[in-house]
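Peer 1: what's the 3D shape of this:
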Amino acid sequence: MTHPTLIRRDDHRSLLLDLYCCAGGAGRGYNRAGFDVHGVDIRPRPNYPFTFHQGDALEYLAALIASGEIERYAFIHTSPPCQAGCALTVGTNHSQGWGGTHVDLVAPTRELLEASGLPYVIEQPNGRAEIRKDLTLCGEQFGLGVIRHRNFELGRWSLPQPAHVPHRGRVRGWRHGEFFDGPYVAAYGNGGGKPTIPELQAAMGIDWTDVREELTEAIPPAYTQWIGAAFLAQNRTGVAA
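Peer 2: All right, here's what the predicted structure looks like:
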C-alpha cells in the first residue's frame, strides 16, 4: 500500500519529531541520516544534542496536530516508556515482587500518530509491548559491542526485515554467581560486571552523554541512521512505500 507524502524541509533537510527522546540516541542516528531533529521529553535533558522541548510528549503532539504545526514535519519517531512491557519488568521484577506500577503509553501514542497523518516509528525493546514487530534490529548487524535487540512498528510506510546476524558469543558479566566473558557488554543496570561508562559509550556509539541512565535507556544511533536513510531514500520522489 502506498501513501502520498510531502517531504517537509527546514534549510533543505527533512524535519523529524523525536518523542520521548531521552538523551538522543535515536535522534543522533536520524540526524546522521539527513534529518533535522526536534526532541521532546518530560524530563530535562541537557545532553540532548538538538532542539529540545521539555514537556509531555502526547500533549505536545496533540497541540501540534490541533494547530497545524505538525505539517512542518516529515516523520515522527517515538520511544514510549517501556517499563510496563519490558522483559525485566514482566519477568524477574514481577517474580520477585519488585518495582511499581508502570503506565503503557504505546496505544495512546499510536492513536495520535495516526491522527498526525505522518509516517512514523514506534520503538520498543523485546518484551510484551503491543506493537507490530515490523523490524527487529540488533547491535551485531552494525558491528557494535552490544546486542540490544529493539523492535520497530512502522506506520504509513514499510521496510523489509534485514537478516539477523548470528551473535559471536555471550554478553560479558555475572550470571547466577558465575562470570562469563564475551564480545558484548550489558547496556542495562549497574552491577554484576556491567561495563564502565567509557566501555558503554564505545559499545553503543554514543559520546555526547556520560550519564549511565541515559546510556542504558538509549538505542544505538546506528539503528535509526539505517532506518532514517531508508526512509529518505524511499521518499526522494515524494512517495512513501
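Peer 1: could you point out where the chain is predicted with low confidence?
Peer 2: Flagging of the chain using pLDDT under 70 yields the residue ranges 1-11, 83-102, 237-241.
Peer 1: What segments of it are helices?
Peer 2: In the chain, helices defined by DSSP state H lie at 25-33, 57-67, 87-88, 94-96, 106-116, 197-204, 212-217, 221-234, listed in chain order.
Peer 1: Among these, show me which one is buried the most.
Peer 2: helix 25-33 (a mean of 24; mean count of other C-beta atoms under 10 Å). All C-beta atoms are positioned from the backbone trio N, CA, C, and that covers glycine.
Peer 1: Run through who's touching that one.
Peer 2: Helix 25-33 is touched from outside by 16, 18, 21, 37, 39, 48-50, 75, 77, 79, 123, 204, 206, 208, 217-229, 231-232, with contacts defined as C-beta atoms under 8 Å, 6 or more residues apart in numbering.
Peer 1: between the helices of the chain, which gets nearest to Arg132?
Peer 2: helix 106-116 (9.9 Å; C-beta to C-beta).
Peer 1: re the thing from before, how about the helices of the chain, which one is nearest Gly191?
Peer 2: Closest among the helices of the chain, using C-beta to C-beta: helix 212-217, at 11.1 Å.
Peer 1: Quick one: distance of the closest one to the chain centre.
Peer 2: 13 Å (C-alpha atoms, centre = their mean, to the nearest Å).
Peer 1: Can you say which of the helices of the chain is nearest to Thr136?
Peer 2: Among those, helix 221-234 sits nearest to Thr136 (C-beta to C-beta), with 10.3 Å.
Peer 1: packing partners for the closest one?
Peer 2: helix 25-33, strand 75-78, strand 135-137 (3 or more C-beta pairs under 8 Å, 6 or more residues apart in numbering; DSSP states H and E).
Peer 1: 6 Å instead?
Peer 2: Applying 3 or more C-beta pairs under 6 Å, 6 or more residues apart in numbering; DSSP states H and E, we find helix 221-234 packed against helix 25-33.
Peer 1: Helix 221-234 and the helix it packs on, what's the angle between them?
Peer 2: 50 degrees (axes from the mean of the first three to the mean of the last three C-alpha atoms, to 10 degrees).
Peer 1: could you check the angle helix 197-204 makes with helix 25-33?
Peer 2: Using the same axes, to 10 degrees: helix 25-33 against helix 197-204 is 50 degrees.
Peer 1: now helix 25-33, how far from the chain's geometric center?
Peer 2: On C-alpha atoms, centre = their mean, the centre of helix 25-33 falls 10 Å from the chain's centre.
Peer 1: Reformat the helices of the chain into a markdown table and put distance to Ile147 next to each item.
Peer 2: Shown next, in a markdown table, are the helices of the chain (distance: least, C-beta to C-beta, whole Å):
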| stretch | distance to Ile147 |
| --- | --- |
| helix 25-33 | 15 |
| helix 57-67 | 27 |
| helix 87-88 | 13 |
| helix 94-96 | 23 |
| helix 106-116 | 23 |
| helix 197-204 | 10 |
| helix 212-217 | 14 |
| helix 221-234 | 12 |
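Peer 1: Of all these, which one is nearest Phe152?
Peer 2: Here helix 221-234 is closest among the helices of the chain (C-beta to C-beta), at 6.9 Å.
Peer 1: from the chain's centre, how far out does the closest one sit?
Peer 2: The answer for helix 221-234 is 12 Å, by C-alpha atoms, centre = their mean.
Peer 1: now swap in stretch 41-59 and tell me
Peer 2: Distance of stretch 41-59 from the chain centroid (C-alpha atoms, centre = their mean) equals 14 Å.
Peer 1: Over to it now: how far is its first residue from its last?
Peer 2: Distance between the boundary residues of stretch 41-59 (C-alpha to C-alpha, to the nearest Å) amounts to 11 Å.
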